[in-house]
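Asks: only the shape, not the letters, is given here:
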C-alpha cells in the first residue's frame, strides 16, 4: 500500500514539474517574441541616433581644423 502512495506522489510531482516547465518555456517564447518586436521598433531610432552622432563628429572635426 505504501508503495502505491509513493508511486502516486512521484507521478504527481512529475506532473507538477511538467506543468511548470511548460509554463516557463511558453513564457520564454513570449518574451523572445516581445524582444524581437521591440528590437524592430527601436532599430530606426538607433540608425537615426548613429547618423546624428556621425554628423556631429564630422561637424566637430571640420570646426577643429
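Replies: Happy to help now that I have it. Note that this is a predicted model, so its numbers are computed, not measured.

Asks: count of neighbours near residue 50?
Replies: With neighbours defined by other Cβ atoms under 10 Å, the count for residue 50 comes to 10. (Glycine included, C-beta is placed from N, CA and C.)

Asks: same question, residue 37
Replies: Around residue 37 sit 10 other residues, with neighbours defined as other Cβ under 10 Å.

Asks: how close does it get to residue 21?
Replies: 25 Å (Cβ to Cβ, to the nearest Å).

Asks: ranges for the helices of this protein?
Replies: In the chain, the helices defined using DSSP state H lie at 2-64.

Asks: figure out how far stretch 34-49 is from the centre of its chain.
Replies: 14 Å (Cα atoms, centre = their mean, to the nearest Å).

Asks: quick one: low-confidence residue ranges for this protein.
Replies: Applying pLDDT under 70 to the chain flags the ranges 64-65.

Asks: 80 instead, please
Replies: Applying pLDDT under 80 to the chain picks out residues 63-65.

Asks: tally of neighbours for residue 57?
Replies: Around residue 57 there are 10 residues (other Cβ under 10 Å).

Asks: ditto for residue 56
Replies: 10.

Asks: and for the one 3 residues further on?
Replies: Applying the criterion other Cβ under 10 Å, we find 10 residues in the vicinity of residue 59.

Asks: distance of it from residue 53?
Replies: 11 Å.

Asks: again with residue 17
Replies: Separation of residue 17 from residue 53 (Cβ to Cβ) stands at 49 Å.

Asks: and residue 10, by the same measure?
Replies: 60 Å.

Asks: could you do residue 28 as well?
Replies: 34 Å.
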